[in-house]
Structures are given as C-alpha cells and as structure tokens.
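Trainee: Here is a sequence with its predicted model. Questions after.
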Amino acid sequence: MLQNDNHQRERHGALASPTPPTGAAEDWTVPQRWDELTAEDHWVWDTLFARQQTLLHGRAVEAFGQGLDVLHLSRPGVPNFDELNDKLHRRTGWTVVAVPGLVPDDVFFRHLSERRFPAGNFIRAADQLDYLEEPDVFHDVFGHVPLLAQPDVADFMQALGHLGLEAVELGALHRLARLYWYTVEFGLARENGAFKIYGAGILSSFGESHYSLESAKPHRLNFDLRRVLRTGYRTDSFQLSYFVIDRFEDVLKLVLRNDLSALYEELDRSPDLSPCSIEEADLLAA
Ligand SMILES: C[C@H](O)[C@H](O)[C@H]1CNc2nc(N)[nH]c(=O)c2N1
Ligand SMILES: N[C@@H](Cc1ccccc1)C(=O)O
Ligand SMILES: [Fe+2]
C-alpha cells in the first residue's frame, strides 16, 4: 500500500525510522503466526480468492494466472509463507516476509532492494471484502506475489527498491512513490488488443477490478514516465486515472532507460498534475 509522501512523514516523523513496534525486528518483520489464523480468516481468504479468480479471468494479464498456478496459490486458506517461499524463492529469488502493517519508506524499499516482499500478517474482516484502504495479506500475497514469479517483474520490483532508497536520499520519494503507485499498484496493460490489469491494488479489489476496466469515469492514459512522476494520487478511493503500458514486461526497460535523478530536477520546475488531469494527455479510448 502507498501513502502520499507527507502522510508517511507525519505518521513516521521525519526521515529517521522510529523504533519498530514491540515484537518486530529492526526491519519491522514479525513471525507470520500462521497457526494462529482463525477459521474466519481462512474463510475470508477462500471467499476473496474464489471471487477474484473468477472475475479476473480474461481481465488480468496472462502472467498473473500463470503466477497463481506455479505458486499453487489456489490451495485453500491463507498461504503459509514458509511453504510459499519454497516455491517463490526457487523461481525468482524472492521471499515474502510478514510485517504488522505499513512500514517506513526506507524500510520498505530496502526489503524490495533485497528481493523481500513485506506482506501483512492479518486479513481484512468479512465486512470489508470489496475494498480495503490498508494492505492486508490478501492484497499483498494475492495481488503482488503471483507476478513476482515472472522474471521481468521480479527484476523491476528489485530495481524499484534501489530507486526508492535513492529517492529517499534525494528527497524525491513522493515522485518515486507515484511511479510505484501507477504501475505496481494500479497499472493497466494492453494485451491482445484489450486493457488488462496488472496492478496489485486492482487485482485484490473486487470493486476496482470492475471499475478500472468497465467504468467510463476514470481516465486511461498512455504510460508517460514524466507525466506519472508529476501526477498525484488518492489512497482512499478508486483511482481517477490509470496509466496503460503496451506490454507490462516493458515497464522495467522504460524506467531504467531514464536517469530518474535528472528527471526529478527537471520536474521540480513544473507544477504537479491532479490525479484526474487530462491536460495535454494521451487519452486512450475505453
Ligand atoms: C512510497 C512508500 O514507501 C510506500 O507507500 C510504502 C510505505 N510502506 C509500506 N509498507 C507496507 N507494508 N506495504 C507497502 O506497500 C508500503 N508502501
Ligand atoms: N484497495 C486494495 C488494497 C490496497 C490498499 C492500498 C494500496 C493498494 C491496494 C484492496 O481492496 O484490496
Ligand atoms: Fe500493494
């Protein structure tokens, strides 16, 4: 999950990471305590999984379904991270680590830079099935992990970790957060001539999986790195704009071809764009 930069600062003070919550290591990891999950927790997982798998058929990029399969994520119940990591690590060197919720920016990106994905050790309640503002284990593991089994995405996520740490040093985290937000969390791709979902924030949300592809309300813009770095975002509702990549494997090459620190400097001289701005935008027909 992403909070806008200053919100993160408010919550976690300035740059320095506060002490982790009791029971967490200095990297904010905690034991998953899988055997303490309740029957309701497993029921919520199974209910969400069945509904999203049906809904996403034909709506998610192909690599998403492939990831679910190779990681055997269709097994009943909340995944046990140790069992999941056996398969995931063998595929792309990534492991999932349990955290109690949002962690400070520098902690988050350090994990990514070392191929560790921080996943919530809790799951949403039965009355929050369609949308949740916080990243729970369903968002983190169902939404993010299947694509981590895809080598291009695995490389892109680690590169974002390094870019995030660099952005923290440059005081440009709010810009890198937008790149993460409009790709990893809410990215759309063109696949076989149609819009498909690859962003985890959509994949894990029943409501937004429909809205992102079928609603006339949001704008769908051709991916443009400068525009993404200038465009703010909302963390508390469905997105007002989505950026579309031609092939979602391309986003890594697109990003790494540019010197982001030079871009940060250049963009500081132009105003930010609101999340629903379409000024000079390369709008795509629905
Ligand atoms: C940009 C910022 O680093 C981003 O919001 C991070 C912050 N902390 C996080 N913490 C957790 N557990 N999961 C996340 O997705 C994030 N996102
Ligand atoms: N809204 C997503 C969870 C999420 C929160 C914050 C950022 C991204 C995704 C869901 O309901 O599953
Ligand atoms: Fe997320």
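Mentor: Ah, there it is. Ligands and ions are numbered 1, 2, ... in the order given.

Trainee: Tell me how far the closest residue to ligand 1 within the stretch 151-286 of the chain lies from ligand 3.
Mentor: Proximity of the stretch 151-286 of the chain to ligand 1 (Cβ to the nearest ligand atom) peaks at Ala177, 3.5 Å away. For glycine as for every other residue, the C-beta is placed from the backbone atoms N, C-alpha and C. Distance of Ala177 to ligand 3, given as Cβ to the ion, to the nearest Å: 12 Å.

Trainee: How many neighbouring residues does that residue have?
Mentor: Per other Cβ atoms under 10 Å, the neighbour tally for Ala177 reads 23.

Trainee: what kind of secondary structure is it in?
Mentor: helix (DSSP: H, G, I helix; E, B strand; the rest coil).

Trainee: The top helix by length along the chain packs against which elements?
Mentor: Using DSSP state H, we find that the single longest helix of the chain is helix 151-170. Secondary-structure packing of helix 151-170 (3 or more Cβ pairs under 8 Å, 6 or more residues apart in numbering; DSSP states H and E): helix 81-92, helix 105-113, helix 145-148, helix 173-180, helix 250-256, helix 260-267.

Trainee: How about residues contacting it?
Mentor: 15, 63, 91-94, 105-106, 108-115, 117, 147-148, 173, 175-177, 179-180, 183-184, 248-249, 251-252, 255-256, 260-261, 264 (Cβ atoms under 8 Å, 6 or more residues apart in numbering).

Trainee: now that helix: how far from the chain's centre is it?
Mentor: Remark: helix 151-170 is offset 13 Å from the chain centroid, using Cα atoms, centre = their mean, to the nearest Å.

Trainee: cool, stretch 194-212 as well?
Mentor: Distance, centroid of stretch 194-212 to centroid of chain: 12 Å (Cα atoms, centre = their mean).

Trainee: Kindly report the same for stretch 142-160.
Mentor: The answer for stretch 142-160 is 10 Å, by Cα atoms, centre = their mean.

Trainee: mind checking which helix or strand of this structure has the lowest mean pLDDT?
Mentor: The weakest-scoring helix or strand in the chain, judged by mean pLDDT, DSSP states H and E, is helix 5-12 (a mean of 41).

Trainee: ok, stretch 264-284 near ligand 2 or not?
Mentor: No. In terms of Cβ under 6 Å from any ligand atom, no part of stretch 264-284 sits within range of ligand 2; the closest distance is 13.9 Å.

Trainee: Flag every buried residue along whichever helix or strand comes after the least confident helix or strand of the chain.
Mentor: Counting by DSSP states H and E, the next helix or strand C-terminal to helix 5-12 is helix 39-56. Neighbour-count burial for helix 39-56 flags Asp41, Val44, Trp45, Leu48, Phe49, Gln52, Gln53, Leu56 (criterion: 16 or more other Cβ atoms under 10 Å).

Trainee: mean confidence for helix 39-56?
Mentor: Per-residue pLDDT values over helix 39-56 give a mean of 97.

Trainee: on contacts alone, who are the packing partners of that helix?
Mentor: helix 62-70, helix 206-214.

Trainee: Helix 62-70 and that helix, what's the angle between them?
Mentor: Between the axes of helix 39-56 and helix 62-70, defined by axes from the mean of the first three to the mean of the last three Cα atoms, to 10 degrees, the angle is 140 degrees.

Trainee: tell me the angle of helix 39-56 relative to helix 206-214?
Mentor: Using the same axes, to 10 degrees, helix 39-56 lies at 10 degrees relative to helix 206-214.

Trainee: Contacts for helix 39-56, please.
Mentor: 64-65, 68, 73-74, 76-78, 123-126, 129, 137-138, 142, 197, 203-204, 206, 209-210.
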